[in-house]
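>>> what follows is a predicted structure for the sequence shown.
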Amino acid sequence: MEISQFELVFKPQAPAGPADIVLQGYFLEISNLEDRDLEFALTLTTSSVTDPTRSLFGNAAVFVVTPSINNNVGVFILAVSYSDESFRLDRNIFVPAGGTALVAVQLSAPCAGGMGPPPTPDFECRGFVTLSLPVITRPISIGEFDAVIITQQGNTPQKVMLTAQNRAVFTDPATGVAKGQTQAGLPIATGQALNEITPDPLFFGRAEFFDLTVADRMIRSGITLEDGLASMLATALHSKLDLK
């Protein structure tokens with residue numbers, strides 16, 4: 001589901017005249033209200049551009065704080081190219097039952113020890129954020145054999161609480177000293193903090209189409225299509241899916 005807009009900024013507050021430098025990031029809190037662990041996929045969508053000062057590619061760092069892990073620096077990556085429009089995290093965000101995770105998307109150079117801020121700060125990028133409950137794989141053991149089962153994250157929409165914010169720091173352009181900071185809540189697309197996210201299905205609605213997202217996940221995980229299909233069919237036998 002679409003959550004909110006986002007805006008990353010690193011440039012003077014005003015286009016002309018003396019002005020503070022604004023460094024702004026996007027923050028999203030995700031509370032899992034279910035009694036089961038959930039894994040979320042997060043995607044940032046922008047316009048397709050080739051200007052490196054307007055693209056997330058190579059410019060954004062993602063930090064994730066969960067009840068058990070603080071600031072997963074360098075773990076989550078938006079691996080795409082300049083011209084892409086969809087920037088998806090390369091791994092899921094794990095939120096335990098009843099837990100809350102904080103996701104921070106910031107500019108990598110000034111915030112994550114990259115190549116450092118440019119002499120003249122001039123970066124801005126805007127878009128919207130999508131959150132989903134993807135199909136996941138789980139290792140299982142059957143006697144002496146190890147296998148992987150691919151499942152949906154529930155057969156009904158899962159309840160979550162969402163809060164989105166822009167957080168900005170204002171610095172003196174001459175000294176680089178921080179002069180103040182702000183936090184501003186962003187409207188959630190549904191108009192409410194409490195939402196229900198429908199888990200991604202194992203298959204498309206039409207039987208002749210196979211979910212390529214699932215196929216891609218299996219291939220990257222070293223699972224053959226035959227084993228993956230057998231696993232999904234075994235799972236589907238105990239679900240409400242129409243196998244016709």
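Yep, that arrived.
>>> for the closest residue in space to residue 4 that isn't next to it in sequence, what are its contacts?
The shortest distance from residue 4 to any non-neighbouring residue, by C-beta to C-beta, 6 or more residues apart in numbering, is to residue 164 (4.0 Å). For every residue, glycine as well, the C-beta is placed using N, CA and C. Taking C-beta atoms under 8 Å, 6 or more residues apart in numbering, we find residue 164 in contact with 3, 4, 6, 26, 27, 28, 29, 129, 185, 186, 188.
>>> okay, buried residues for the host helix or strand of residue 164 please.
Assigned by DSSP states H and E, residue 164 falls within strand 158-171. Going by neighbour count (16 or more other C-beta atoms under 10 Å), the buried part of strand 158-171 is 158, 160, 162, 163, 164, 165, 166, 168, 169, 170, 171.
>>> quick one: contacts for the spatially most central residue of the chain?
In the chain, the centroid-proximal residue (C-alpha atoms, centre = their mean) is residue 42; its distance is 2.2 Å. Residues counted as contacts of residue 42 (C-beta under 8 Å, 6+ apart) are 28, 88, 89, 93, 103, 129, 130, 131.
>>> ok, now which ones touch the last one?
Pointing back at residue 131 there. Residue 131 touches 1, 3, 28, 30, 40, 41, 42, 43, 160, 162, 197, counting by C-beta under 8 Å, 6+ apart.
>>> what's the answer for the second one, then?
Each residue near residue 88 by C-beta under 8 Å, 6+ apart is listed here: 41, 42, 43, 44, 78, 80.
>>> rerun at 7 Å
41, 43 (C-beta atoms under 7 Å, 6 or more residues apart in numbering).
>>> what lines up beside the host helix or strand of it in the sheet?
Using DSSP H and E, residue 88 maps to strand 86-88. Strand 86-88 has its sheet partners listed here by DSSP bridges as strand 38-45 (antiparallel).
>>> what average pLDDT does the strand it pairs with get?
Averaging pLDDT along strand 38-45 yields 92.
>>> can I assume residue 91 sits in a helix?
No - Residue 91 is assigned coil when assessed by DSSP: H, G, I helix; E, B strand; the rest coil, not a helix.
>>> pLDDT value on it, please?
At residue 91, pLDDT is 84.
>>> so how far is residue 138 from it?
15 Å (C-beta to C-beta, to the nearest Å).
>>> and if you look at residue 190?
30 Å.
>>> and what of residue 150?
Taken as C-beta to C-beta, the span from residue 150 to residue 138 is 8 Å.
>>> what does residue 17 give?
In terms of C-beta to C-beta, residue 17 sits 58 Å off from residue 138.
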